[in-house]
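Novice: need the 3D shape of this:
(one chain, ligands or ions: 1)
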Amino acid sequence: MIQPPAILKCGDESIMKNLSESAFSSPVTREMEEEMNTRLRENPDFARRIGNFGFLELEESWGDEATIINTARISTTNQRINSMQEFGDRERKLLYYLLSQNHGTPFETVYFRWRIVAPIFVIRQWIRHRISSFNEFSQRYREPIPAYYIPDAQACTVGNMRILSEEQLARYCQLMEELHAFYQEGYREICQRVDEAEARGSIPKVEGGRNPYRARGRELLRNAMPVSCYTDLYWTINFRSLMNFFDLRRKSNAQYEIRQFADVAYSMFKSRFPILGETMDQVLKEKGGIL
Ligand SMILES: Cc1cc2nc3c(=O)[nH]c(=O)nc-3n(C[C@H](O)[C@H](O)[C@H](O)COP(=O)(O)OP(=O)(O)OC[C@H]3O[C@@H](n4cnc5c(N)ncnc54)[C@H](O)[C@@H]3O)c2cc1C
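Specialist: Take a look at the predicted model:
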């Protein structure tokens, strides 16, 4: 019997009990766990675990509220402030004015880079935010991350009704394990055939770089992998577009899983940009927004 992975904090440990082998116990998932734990230690206020294997970190941001003010004032007084120490009432009013009147371009001068580990189905929704930039883990160049999304009790419930039963969840996990095992066994077989063919001399030996035979194996086998697989990516976005993301993905009609990430991202944004966060909340409240 396997040990449930340490990161399974969702109260559904029982579902793992009957699995004879777990995708989560692979060296790759352990390595990722270690990396995420290091980031949590090194950047504790801006890194967070989400769900059973997810992770979000605000790695870097460029600019601050003063940047927005200075950018806006180029069209009027051009009176710059040199730091946030000089940010006073006049600046607060200007920030409020810009936000409430949708003067968007000054907000495009502040940027954020996030590291995201999330299920593919979450990222499918995320990448619809076209005014931003993504760089993602590739299942063409690497084997899939051997971890899959396990919905927690809250994710399986609407109001007081359990939608996905414990039994269904256990079967789901079993199926995910089988798919991961199918990939791993299939890839091992392909690599073995390629090695044997190379040894026989029936295909040319590939020294270093990308092996086209193994690569084709990964390209074909990944078609069997589900959207519950975790992926790993960088997301870079300016603040104007980030506001739009928060607006759309923190609303109650957004899917639970992307909402979890959006809410965490929002709390990180607010602790780095408190004045901007407060002003944004004020404007949204006045406009009857949901935030
Ligand atoms: C609850 C919910 C349900 C959804 N359901 C579906 C669905 O069923 N099917 C589906 O396909 N999508 C769906 N979406 C995705 C949605 O339609 C948007 O693609 C996504 O939310 C990104 O928003 P956006 O276009 O504003 O963001 P971005 O792509 O980042 O664009 C930001 C802004 O730039 C402007 N812009 C960007 N590209 C263009 C363009 N080509 N032309 C003109 N202006 C542009 C717009 O003003 C836009 O608001 C859903 C989103 C939500 C929140």
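
Novice: which bits of the stretch 51-200 of the chain sit near the ligand?
Specialist: Residues of the stretch 51-200 of the chain lying close to the ligand (C-beta under 6 Å from any ligand atom) are 128-131. The way it works is simple: take the backbone N, C-alpha and C, and place the C-beta from them, glycine included.

Novice: I'd like to know how far E257 sits from C156.
Specialist: To C156, E257 is 12 Å away according to C-beta to C-beta, to the nearest Å.

Novice: actually, W126.
Specialist: Using C-beta to C-beta, one obtains 22 Å as the distance from W126 to C156.

Novice: measure R49 to E57 for me?
Specialist: Taking C-beta to C-beta, one finds R49 at 10 Å from E57.

Novice: comparing the two, which shows the higher neighbour count?
Specialist: E57 (21 against 18; other C-beta atoms under 10 Å).

Novice: and that one, bridged to which residues?
Specialist: Judged by DSSP bridges, the bridge partners of E57 are A47, R115.

Novice: roughly how far is stretch 71-89 from the heart of the chain?
Specialist: Offset of stretch 71-89 from its chain centre (C-alpha atoms, centre = their mean, to the nearest Å): 34 Å.

Novice: I'd say S132 and W235 touch.
Specialist: Yes. Counting by C-beta atoms under 8 Å, S132 does reach W235; the two are 6.2 Å apart.

Novice: assumed Y230 was part of a helix.
Specialist: No. Per DSSP: H, G, I helix; E, B strand; the rest coil, Y230 lies outside any helix segment and is strand.

Novice: just give me the neighbour total for it.
Specialist: Burial measure for Y230: 26 neighbouring residues, criterion other C-beta under 10 Å.

Novice: now do it, the pLDDT please.
Specialist: If you check Y230, the pLDDT there is 97.

Novice: can you check the one 10 residues further on too?
Specialist: According to the predicted model, the pLDDT of R240 comes to 96.

Novice: and the closest residue to it other than its chain neighbours, which of the three is it?
Specialist: Counting by C-beta to C-beta, 6 or more residues apart in numbering, R240 lies nearest to F107, which is 4.1 Å off, once chain neighbours are set aside. Assigned by three-state DSSP, the conformation of F107 is helix.

Novice: wait, F107 sits on N244?
Specialist: No. Look at F107 against N244 with C-beta under 8 Å: they stay out of range, at 10.3 Å.

Novice: the two: who's more crowded?
Specialist: F107 (24 against 15).

Novice: quick one: contacts for that one?
Specialist: 68, 98-99, 238-240, 243 (C-beta atoms under 8 Å, 6 or more residues apart in numbering).

Novice: again, but for Y183
Specialist: Contacts of Y183 by C-beta under 8 Å, 6+ apart are 143-144, 221-222, 224-225.

Novice: F24 contacts P146, correct?
Specialist: Yes. Under the criterion of C-beta under 8 Å, F24 is in contact with P146, at a separation of 7.1 Å.

Novice: neighbour count winner among these two?
Specialist: Between F24 and P146, counted using other C-beta under 10 Å, the more crowded position is F24 (26 against 21).

Novice: can I assume N52 sits in a helix?
Specialist: No. According to three-state DSSP, N52 belongs to no helix; its state is coil.

Novice: report pLDDT for K287.
Specialist: 84.

Novice: roughly how far does the closest residue to it other than its chain neighbours sit from the ligand?
Specialist: In space, and not counting its chain neighbours, K287 is closest to S100: 7.9 Å by C-beta to C-beta, 6+ apart. For S100, the distance to the ligand equals 18 Å [C-beta to the nearest ligand atom, to the nearest Å].

Novice: what helix or strand is L164 located in?
Specialist: For L164, there is no host helix or strand (DSSP states H and E).

Novice: circling back to that earlier point, of the contacts of Y183 - the most surrounded one?
Specialist: Greatest neighbour count in these, by other C-beta under 10 Å, goes to P144: 25 neighbours.
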